[in-house]
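Visitor: here is my input, please return the structure:
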Amino acid sequence: MAEQDEIPELAAVVERNVNALLHRKQEDKRKLTMKDKLVTGITNFAGSMGSVYFHLFLFGGWIAWNQGWLHLPIFDPNYIFLATFAAVEAIFLTTFVLIGQRHLNLEADKWAELDLQVSLLTEHEVTQLMKLVKAIASKMNIEEADDKEIEQLSQDTRPETVLDTIENAGK
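Guide: Residues are numbered from 1 along each chain as shown. Below is the predicted model:
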């Protein structure tokens, strides 16, 4: 029965966390400048099937027109304008995609920082719990209370030490 009572409480915590993160994302989205919204819109369209269909229609129509298949006056017989248009479009699309990628990287960095901070806080809390459990085990004369590994795990982990170890391992 106790487990059933905990589930709604856990669900409430999860719901609160999800709502807080969604609220934050909505707030971040609301703060976007018009330029950011334009870049996002262009990159979203460029990466969609709508863009593929648009380009198939545009370039297919251009080629059909200039092949004379539509019986309209040919305006680009050597496709020079088409090539120029495609090159200029590629330059602009590449720029928009790079700007969009930079925005995504900044956002990913922010969420990675949040994840790191939550992990560090969790590690600290678990370390404090281990100290408490170790103290209880010592008071109860439980043999494992003197375990060297438990002693090491009961010490706060210094993130800079872990980072140094990771960096040195790669050398």
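Visitor: show me where pLDDT drops low in the protein?
Guide: 1-7 (pLDDT under 70).
Visitor: helix, strand or coil for the residue in the chain sticking out farthest from the centre?
Guide: In the chain, residue 71 marks the outermost C-alpha relative to the chain mean, sitting 50.5 Å out by C-alpha atoms, centre = their mean. Using DSSP: H, G, I helix; E, B strand; the rest coil, the structure places residue 71 in coil.
Visitor: also the one 3 residues further on?
Guide: What three-state DSSP gives for residue 74 is coil.
Visitor: residues contacting residue 28?
Guide: Residues near residue 28 by C-beta atoms under 8 Å, 6 or more residues apart in numbering: residue 107. For every residue, glycine as well, the C-beta is placed using N, CA and C.
Visitor: name the helix or strand for it, please.
Guide: Following DSSP states H and E, one finds residue 28 within helix 2-30.
Visitor: could you chop the protein up by domain?
Guide: 1-31, 34-169 (automatic domain parsing).
Visitor: okay, the spatially most central residue of the chain and residue 86: tell me how far apart.
Guide: The geometric centre of the chain, computed from its C-alpha atoms, lies nearest to residue 108 (C-alpha atoms, centre = their mean), at 4.1 Å. Separation of residue 108 from residue 86 (C-beta to C-beta, to the nearest Å): 31 Å.
Visitor: quick one: name whatever helix or strand follows the lengthiest helix in the chain.
Guide: Across the chain, the helix with the greatest residue count (assigned by DSSP state H) is helix 80-139. Per DSSP H and E, the first helix or strand lying C-terminal to helix 80-139 is helix 148-153.
Visitor: who touches that following helix?
Guide: 127, 130, 134, 144.
Visitor: what's the answer for stretch 134-147, then?
Guide: For stretch 134-147, contacts defined as C-beta under 8 Å, 6+ apart pick out 150, 151, 154.
Visitor: I'd say residue 82 and residue 74 touch.
Guide: No - assessed by C-beta atoms under 8 Å, residue 82 is found out of contact with residue 74, at 12.0 Å.
Visitor: any common contacting residues for these two?
Guide: residue 66.
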